[in-house]
Each structure stands twice: as structure tokens, then as C-alpha cells.
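K.L.:
Just to be clear, the model below is a prediction. Sequence and coordinates:
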Amino acid sequence: MNPVTMRALLDRWESRGLLHRVKKEVDPLYELGAVINTKNGRQPFLFERIKGYQSSMAAGLGGDRELMADSMGITSSELIPKIIESIVNPIPTTLRQTGPVQENLVTGEFDLADLFPIPTYHAEDSGAYYVAGILVVKDLSGRKRYTSIRRMQYLGGNRTNILITSPELMEQYAHYESIGEPMEVAVMFGVVPAVVLSSQISTHLYHTDKLDVAGALLGQSLDVVQCKMVDLEVLADAEIVLEGKMLPFERELEGPFGELAGYYGTRTPQPIVEFSAVTYRNNAISQTIFPSSYEERLPMALVREATLLSTVRQVVPNIKAVHIPMGGVARYHAVIQIEKKHDGDGKQAALAAFASDKDLKHVVVVNDDVDIFDSDDVEWAIATRVQAGDDIFIVQGAKGSPLESSHHLKGVSDKMGIDATYPLGKEELFKRTSIPIEVNLEDYL
């Protein structure tokens, strides 16, 4: 059975020598992040001693494909089919009267920074902020539950900013402002990678309950409990939950912070959240994600790969696999592998990719003899199978990502498709070399 609690997953990985347990005290101001960044978010850490706090903190749980898959009891090649299957066949959560996350309750006057560490990561960050919190809200009907990860800048006391980039969430908040009411929220910390992964599923595409999808990813129903001060359900096995309300008509400047692409963002007014309660497990383990690391990028890349595969398949049924690489910031580059059967399959696949995701800038389509997870192999295909005048096309002035710096030069982005497949009927000309036997180097040393 797959672990559904973060501490059970940490125990399992430690028993297999996969967990870096840090016993030396670290400062949440830069030092903790610097240690996480030595592995670029690809390896799990558990920090036992954080300066000024009694609690420990975990990081790096979901930044490696193999470990992400391992946390759900599958192999990395099964990740994308599993995501698609889980969206189609979610497993509903189970409501419990109480759960471990409510073993302790804080209400009244409190300061968030007194309870659990809030790190600062980059040299020019404007302050400390939460990165790994899973925001829980209901839709306007009150019947649907949504989760997402939102950056929250600590403002002192029980207040934070919250950065909203989702159009649906912004529309919902605007509705509450129109009636002069606050919007209830809860924020969960200390969850397994499947919960983070499912939070990245597009709301406007699927309108699915992402906690139910997380249950399907893990193969079992997840327990939830009713919050103490707001009308929302949260995971019973989360480590920490903040309960509060987004206040209407209140904004404070947020940022700059280190952004996904490795640059600093801008300083903009963002809504305020005022928290009224904190619940947490005994010996709670807080959790963070180093901004712009693999741990931040991989979940969004995997969900985009699932959408990309389904969309391209509608017009190029012979698609084999897709990859959104980390080097392309997990959203600007894509590599598509096809079994080419018709002239035009390569360019059609690239066009479908651009139609499916406005953030994509560069798409490469290769034959099924190319390893799309090996950047050298993809570059080899471009080098040996592409003639620029015939195989590259550029679309100027399309929509792009507001998180991408060069997009802001003109407010639009150009798209480049590269058909790196070889022509039909020329298979012999592009037949790869091979060695007809396999050897074990150890036998020769």
C-alpha cells in the first residue's frame, strides 16, 4: 500500500537510504534553501534543527521522476498514463470526524512566524514566504472543492499576501468582493507528492476534485476532516493546516521574489489572507519547496505532458510519448515522439501542441527511435534530420507566458516548431548504427 502521509513516505525512503537527514542547525534565512538547492530539489531532505524553532522541515519530495513515481507505487514510464486514468476515474475522499492534523489547535491572537519556520530563499527576495502550501477553496456553488499551490508572503502576525494567477480563482474572489464578503480558505502543509501533483491539474479543463484525483494516484480514498473555523475540508493526515479568509478590497505589495524561470519578478499589489486558526499534528513536520527547483517544476510538467499527449493524439493518433523538459522551465519546450505514418505528421503534431498550451515556445517532433528524455539524442535528431528551410516554421506574435521574461518585450511570444522526423520512404538513409551483441564492462576489467 502506498504511503498517504508525508512522514510515512519519509520513513520508507530513509529505510532505503534515499533521504538526506540534516542534523546540523540551519537558518531559515537563505541557509535552509541553499542546502536544498545543492540537489536542485531532486532529493528529499529532512531538516531536524531549524534556527529559532522546535519543529523539523521536509523538502525535495517531488522533484525527481523516479521518486515521484515511487511515491505512488509505479514506474516513471507509467506516470502520464496514471495521471490520465486518475483524472477519468478519481476516488472520492472519506470524511472523518477528526484526524491527526487536528491534534493541536491554535486560535486567538498568534503570529505565524512563531509557530513554524517561514524561509527566505533568494538574495533579492522581499521577505519570507510560504511556497508549498496547498490552498483549498470551494466554488461559488459550495459543492465543488479545488486545490492549488499559491505563493504567500508573510506580512507579520496572522497575515499573508496570496498571489493568484488562476483566472477561475480570481473570478471567484472578485465575486466575493462584489458582495463585500471575505472568501474562506485553508492551506495544507506536509503532504505526499501525489497531492502536490494533482493540485497542478487545470481547473478550467477538467473541473475535477483534485483530492479525489490524488486518491486515485495513490490507489485509495484519502481521509478528510472538517476545518475548525471555516467551512472547508482538508486532509486528515496533513501535518499543518492554516484556516482563514481572503479579505475583500485589501491589497498589499507583494514581491519581488525569485520566479519559476530563475529571474526576479515584479512587485504588485495582491490580496490579503487573515488566518484565524492553525491546526497541526503532534511533532508536526513543516514542508517547503525551493522556488524554481525541479520540485516546483516537475509536477506542473507532468500534468502538462498528460494534457499534451491527449490533445496531440486527437490529430496525430500515432503519437508515442511527450516530454516537457526541466531545462525549458517545465513549460516552454516540448519534445514529441511519433511513429510517422503520413507526410505532415511532424508539423501537425507541433501545431497541435501549440494549440494545447499557450506557454509553449519551441516544440521538437522526433521519430520513435529517438529517446525524448535524452537531450543529446534529441539534439542528434535535430542535427542529422533537419533542414531549416523545410523543417522549421515560426509563428510570430502569439500568446505566451506572463512568467517568461522575453515575453514582456512585446507582450506576445513567437512559436517555433521543428520537425526532426525523417521523410517517409527514406528509412534506409536514416537507419541508426547498432552493435549486434551486448557486453558487461566488468567482464573486461
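P.N.:
Perfect, I can see it now.
K.L.:
for the stretch 151-300 of the chain, which spans come out with low pLDDT?
P.N.:
In the predicted model of the stretch 151-300 of the chain, no residue satisfies pLDDT under 70.
K.L.:
That one: strands as residue ranges?
P.N.:
Assigned by DSSP state E, counting those that start in this stretch, the stretch 151-300 of the chain shows strands spanning 152-156, 159-161, 183-189, 223-226, 233-235, 240-254, 268-280, 285-287.
K.L.:
quick one: contacts of the fifth one?
P.N.:
The contact list for strand 233-235 (CB atoms under 8 Å, 6 or more residues apart in numbering) reads 93, 95, 99, 101, 136, 145, 186, 188, 191, 195, 211, 222-227, 241. Every C-beta, even on glycine, is put in place using the N, C-alpha and C of the backbone.
K.L.:
Of these, just the buried ones, PyMOL syntax please.
P.N.:
Buried members of those, defined by 16 or more other CB atoms under 10 Å, are picked up in PyMOL with:
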select buried, resi 93+99+101+136+145+186+188+191+195+211+222+223+224+225+226+227+241
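K.L.:
I figured residue 24 hits residue 49, correct?
P.N.:
Yes: between residue 24 and residue 49 a contact is recorded at 7.0 Å, counting by CB atoms under 8 Å.
K.L.:
More neighbours: which of these two?
P.N.:
Comparing residue 24 with residue 49 by neighbour count (other CB atoms under 10 Å), the higher total belongs to residue 49, at 14 against 9.
K.L.:
Next up, the contacts around the more buried one.
P.N.:
22-26, 56.
K.L.:
Let me know the pLDDT of it.
P.N.:
Predicted confidence (pLDDT) for residue 49: 97.
K.L.:
Can you check which of the strands of the stretch 151-300 of the chain gets nearest to residue 326?
P.N.:
Closest to residue 326 of these, according to CB to CB: strand 285-287, at 20.9 Å.
K.L.:
Which strand residues bridge residue 258?
P.N.:
For residue 258, the beta-bridge partners are residue 264 (DSSP bridges).
K.L.:
now the contacts of residue 49 in JSON lines, with pLDDT?
P.N.:
Listed next are these as JSON lines, based on pLDDT from 0 to 100:
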{"residue": "22", "pLDDT": "98"}
{"residue": "23", "pLDDT": "97"}
{"residue": "24", "pLDDT": "98"}
{"residue": "25", "pLDDT": "98"}
{"residue": "26", "pLDDT": "98"}
{"residue": "56", "pLDDT": "98"}
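K.L.:
Return the closest of the residues you listed with respect to residue 397.
P.N.:
Closest to residue 397, out of all of those and judged by CB to CB, is residue 26, at 46.8 Å.
K.L.:
The closest one: neighbour count?
P.N.:
22.
K.L.:
Look up how far residue 117 lies from it.
P.N.:
9 Å (CB to CB, to the nearest Å).
K.L.:
overlap in contacts of the two?
P.N.:
Counting by CB under 8 Å, 6+ apart, the residues touching both residue 26 and residue 117 are 32, 50.
K.L.:
Next up, the contacts around the residue nearest to residue 176 when sequence neighbours are not counted.
P.N.:
Once flanking residues are discounted, residue 176 sits nearest to residue 183: 4.3 Å by CB to CB, 6 or more residues apart in numbering. By CB under 8 Å, 6+ apart, the residues touching residue 183 are 137, 172-173, 176, 245-246, 248.
K.L.:
can you check residue 277 too?
P.N.:
Contacts of residue 277 (CB under 8 Å, 6+ apart): 105-107, 227-229, 242-244.
K.L.:
Report the beta-bridge partners for it.
P.N.:
Going by DSSP bridges, residue 277 forms beta bridges with residue 243.
K.L.:
Please shift the residue numbers so they start at 593 in all later answers.
P.N.:
With 593 as the first residue, the last one maps to residue 869.
K.L.:
now the helices for the stretch 693-842 of the chain?
P.N.:
704-707, 759-770, 785-791, 795-798, 802-810 (DSSP state H, counting those that start in this stretch).
K.L.:
on contacts alone, who are the packing partners of the fourth one?
P.N.:
Other elements packing on helix 795-798 under the criterion 3 or more CB pairs under 8 Å, 6 or more residues apart in numbering; DSSP states H and E are helix 759-770.
K.L.:
Go through the helix it packs on and flag the buried ones.
P.N.:
For helix 759-770, a neighbour-count test (16+ other CB under 10 Å) marks 760-761, 764-765, 768-769 as buried.
K.L.:
List of residues touching it?
P.N.:
For helix 759-770, using CB under 8 Å, 6+ apart, the contacting residues are 729, 731-732, 738, 740, 756, 774-775, 795-796, 838, 840-841, 863.
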